[in-house]
Structures are given as structure tokens and as C-alpha cells.
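*Asks:* next input, structure requested:
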Amino acid sequence: MTAKKRVGIIFGGRSGEHAVSLMSAQSVIDALDRAKYEIIPIGITPDGRWLTGDAMHALTSGQTDTAQPATLLPDPQTTGLLALPSPDQAALAPISELDVVFPVMHGTYGEDGTIQGLLELANIPYVGAGVVGSAVGMDKAIFKGIMHAHNLPILPWRLVTKRQWHTDPSAVITALEASLPYPLFTKPANLGSSVGVSKATNQAQLKAGLDEAFHFDRRVVVEQGINNPRELEVAVLGNEDPQASIVGEIRPKRDFYDYVAKYVSDDSDLLIPAPITDEMSATIRQMAIDAYLAIDCAGLGRADMLLDPESGKLYVNEINTIPGFTRISMYPKLWDASGLPYTQLLDRLLTLAIERHQTKQAQQTTYQLDK
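*Replies:* As a prediction, this is how the structure comes out:
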């Protein structure tokens, strides 16, 4: 009988998307095949403490003393979760070895390459993009630079730093209005799930949107909007030879597809497949794969596109390297509609993580000069 693989599910974290992470992780935990996998829950509190045991209950209830404090060392000789010392325990104690980790963490300290760096140091296979792909996918400004370098279409945009905004807000507003027409979107450079994102159609809204975005990041992207854009999404799956799902479309009832529309309200229309031509679908799917490979993504990613209904032009908006993973999230829904159900999708992601790790293990990490 084949031994079950021990899967560490990491969720929560120090992020504005903490609550979204809990919802995604619970869906993953519920769907994993218990005949194949032993699940090791690893919850991270909003202030950064690691917990295991009944970590999900601890984070959702706020009763963190009901879970076991734990840690993971950046030591490849200790590829397991360790219990933190207690008053009657003098040293770290092993809890469980980890065969593979699924970081179901959205936003900062989870989707930005930081947790991936720890897992690289610990030499543990993990689902999703590596340090570079995660960091670039997370940073909207750097992502746009990469898209431009690869001749992939993006909307006009500008970067504003908190120092610039606090030093001379009038100069910032003047420069933005001189170079970008309304409507404008203000977005924290390093956050997702539309947290801190605002739409501005006038100067007062632009100022308010910048103030809101700077609550979450020291760098803010200000992007030219499109009047009544069509929001198209593609789920990408794979490592060196990624595949794209069918194309879906989101038609929000709200002003745009914000946090409430994604996770609170169910009044947005999700059209799967999107009502577009086969030619347009093929173009979008290839563009999604090109963007995915351009940032060295791996495992999974959801590519978000914008279609200008007036000009017919397509634009790459972003790639989410750890997209929402509830059963009603677009990433799993797109694959389900493409013939890959949720539970099988999870199997595939874990397999891809292990395959990528095995490939990296075959690489030489030391070098010695011939004497």
C-alpha cells in the first residue's frame, strides 16, 4: 500500500487578504483526497505566528491558544514542521515531515516570494511559482515592465511612491492628470483581491484613492481605465509546458470587480465560457501562456485580461500566482468547465510541485575549480 503524502497547507498570514486565504484553504482542505494525502494544517496569524493542529479554528475564532505553536526552519536537513518549545519543553520537537506544501496564501508574505524563499531554503516541494515568478506576479509595477519588455499589451500607467505623495501631493495629481485621462484606477503595487483598489473619475476621488492605496503599500500603481471593459480570465496550469483553460468573463454588477464582488456578494455574472469568437479565445489563451512564461510562473496562475469593447483591443491586466481557490473562485471553475474537476486539479498541482522540485534537485549546487 502506497504511503499517503503529507501535505502542508499554509494559510492566513500577515496580509490584507488574510480572510480570503482562510476561505480558499478551507476549500482545499475539504477537497483533498484523504485516501492519498495526510493533511498538515499550518495557519499563520495576522501578526505572523505559526500554528498547527486545529489551526483553522484558531484563526477563524481568534482563539489562538487552542492550536500548537509551530515553526519551519530554513534548513534542508530538517524538512518538517516543528513544535515551538513550551515551559515544560526545552527544545524544538518534530511534529511531522512534509512531502509537499501548498501555500494557499494571498497577498503579502505569501504570494510575493517570501514564503517561497523559506520553502526553497528548507528544500521542500511546494505548489506554485518560485521566488521570482511570485515576486514579479505580485508587484504590479514590475509586472507591467516585464509585459512591456515582452511586447504584451498593457494599459498606460504611472507609479507613485508614498514619499512623493506625502512630499508634494499637488505635483503628483498634476502629473497624473496631465498624462492619464479619467477614469483612473489606484492600486497598491503589492496586494491582490482588489484590496485597496479604487476607481476615480475626478480629482477628489483620485486623491481619496491614493490615500486608501497607501494604507497598504508604499508604492501605488495608477492605471488608465477603460469605459465598460470586458473582464476576461484564463486559468493556466503547468510548469515548462503550461496549458490554458477555456476563457471566462466576469460581468460585475458593481462599478468594478472589487473585493465585495469577489468574496461577499454573489451578484456578479460569471460567464463560462465567455461569449467571444473562437479566434478571440485562441488569442487570449496564447497571450495568457506568454505572460505566464514571461514571469517564470509555475504550477498555476490566473491571467486577467481587459477587452476594450470600443476599439477591440486586448490588454494584460495581471497574473495571480495564487488565485482564489474557493469552489466558486474563477480559477477552479474555469478548469472544471475545461474538464478538470476540483479534486483532480489539486492532485495535478501537487504532482507539478513535486516534479518541479525533482528537476531542481538534479541541478548542481556546488562548484569546485580544478587544481
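*Asks:* please name the residues that touch Leu307.
*Replies:* Shown in contact with Leu307 (Cβ atoms under 8 Å, 6 or more residues apart in numbering): Pro229, Arg230, Leu232, Lys313, Leu314, Tyr315. Backbone N, C-alpha and C define where each C-beta goes, glycine included.
*Asks:* is it true that the second one touches Gly248?
*Replies:* To tie it back to what came earlier, the one meant is Arg230. No: with contact defined as Cβ atoms under 8 Å, Arg230 and Gly248 do not form a contacting pair (11.1 Å).
*Asks:* okay, the two: which has more neighbours?
*Replies:* Gly248 (22 against 18; other Cβ atoms under 10 Å).
*Asks:* identify the single longest helix in the chain, thanks.
*Replies:* helix 342-361 (DSSP state H).
*Asks:* joint contacts of Arg230 and Gly248?
*Replies:* Ala274.
*Asks:* enumerate every residue touching Pro125.
*Replies:* Applying Cβ under 8 Å, 6+ apart, the residues contacting Pro125 are Asp99, Val100, Val101, Ala353, Ile354, Arg356, His357.
*Asks:* any idea which element Phe325 lies in?
*Replies:* For Phe325, there is no helix or strand it lies in under DSSP states H and E.
*Asks:* picking that back up, pull out the buried residues from the contacts of Leu307.
*Replies:* If you count burial by 16 or more other Cβ atoms under 10 Å, the buried members of these come out as Pro229, Arg230, Leu232, Leu314, Tyr315.
*Asks:* quick check, the first one in contact with Ser311.
*Replies:* The one in question is Pro229. No: under the criterion of Cβ under 8 Å, Pro229 makes no contact with Ser311, lying 10.7 Å away.
*Asks:* mind exporting the C-alpha coordinates of stretch 48-58 to CSV?
*Replies:* Taking C-alpha atoms only, stretch 48-58 is exported to CSV below (Å, rounded to 0.1, in the frame of the first residue of the first chain):
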residue,chain,number,x,y,z
GLY,A,48,2.9,36.3,11.9
ARG,A,49,2.8,33.5,14.5
TRP,A,50,2.7,29.9,13.1
LEU,A,51,0.2,27.4,14.4
THR,A,52,-0.7,23.8,13.6
GLY,A,53,-3.2,21.3,15.0
ASP,A,54,-6.7,22.9,14.8
ALA,A,55,-5.1,26.0,13.2
MET,A,56,-8.1,26.8,11.0
HIS,A,57,-10.5,27.1,14.1
ALA,A,58,-7.8,29.1,15.9
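*Asks:* so Thr60: helix, strand or coil?
*Replies:* What DSSP: H, G, I helix; E, B strand; the rest coil gives for Thr60 is helix.
*Asks:* that one: neighbouring residues, count only.
*Replies:* By other Cβ under 10 Å, neighbour count at Thr60 equals 14.
*Asks:* can you give me the strands for the stretch 101-250 of the chain?
*Replies:* Secondary structure of the stretch 101-250 of the chain by DSSP state E, counting those that start in this stretch: the strands cover 157-161, 184-188, 198-200, 219-224, 230-238, 243-251.
*Asks:* can you list the strands that the third one pairs with?
*Replies:* Sheet pairing for strand 198-200, assigned by DSSP bridges, gives strand 184-188 (antiparallel).
*Asks:* return the distance of the strand it pairs with from the chain's centre.
*Replies:* 18 Å (Cα atoms, centre = their mean, to the nearest Å).
*Asks:* quick one: low-confidence parts of this structure?
*Replies:* 1-2, 86-91, 192-193, 254-267, 371 (pLDDT under 70).
*Asks:* so which residue is dead centre in it?
*Replies:* With distances taken as Cα atoms, centre = their mean, the residue of the chain nearest its centroid is Ile322 (3.0 Å).
*Asks:* got the contact list for it?
*Replies:* With Cβ under 8 Å, 6+ apart, Ile322 has these contacts: Pro103, Val104, Met105, His106, Gly110, Glu111, Gly128, Ser134, Leu300.
*Asks:* give me the number of neighbouring residues for the second one.
*Replies:* Look at Val104: counted by other Cβ under 10 Å, it has 28 neighbours.
*Asks:* now swap in Leu81 and tell me
*Replies:* For Leu81, the neighbour count with other Cβ under 10 Å is 23.
*Asks:* rewinding a little: widest-spaced pair of the contacts of Leu307?
*Replies:* Leu232 and Lys313 (12.4 Å; Cβ to Cβ).
*Asks:* how far does stretch 32-46 sit from its chain's centre?
*Replies:* For stretch 32-46, the distance to the chain centre is 19 Å (Cα atoms, centre = their mean).
*Asks:* with only the CA atoms kept, save it in CSV.
*Replies:* Provided in CSV are the C-alpha atoms of stretch 32-46 (Å, rounded to 0.1, in the frame of the first residue of the first chain):
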residue,chain,number,x,y,z
LEU,A,32,-8.2,16.8,-0.9
ASP,A,33,-8.5,13.0,-1.2
ARG,A,34,-7.8,11.7,2.3
ALA,A,35,-7.0,8.3,0.9
LYS,A,36,-4.0,9.9,-0.9
TYR,A,37,-3.0,12.7,1.5
GLU,A,38,-2.4,13.3,5.1
ILE,A,39,-3.2,17.0,5.7
ILE,A,40,-0.9,19.1,8.0
PRO,A,41,-2.7,22.4,8.5
ILE,A,42,-0.3,25.4,9.1
GLY,A,43,-2.0,28.6,10.0
ILE,A,44,-0.3,32.0,10.3
THR,A,45,-1.9,34.6,12.4
PRO,A,46,-2.2,38.3,11.3
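*Asks:* tilt between the longest helix of the chain and strand 230-238?
*Replies:* Counting by axes from the mean of the first three to the mean of the last three Cα atoms, to 10 degrees, helix 342-361 points 60 degrees away from the direction of strand 230-238.
*Asks:* check which helices and strands helix 342-361 sits against.
*Replies:* helix 18-31, strand 100-103, strand 230-238, strand 299-307, helix 330-337 (3 or more Cβ pairs under 8 Å, 6 or more residues apart in numbering; DSSP states H and E).
*Asks:* that'll do, ta.
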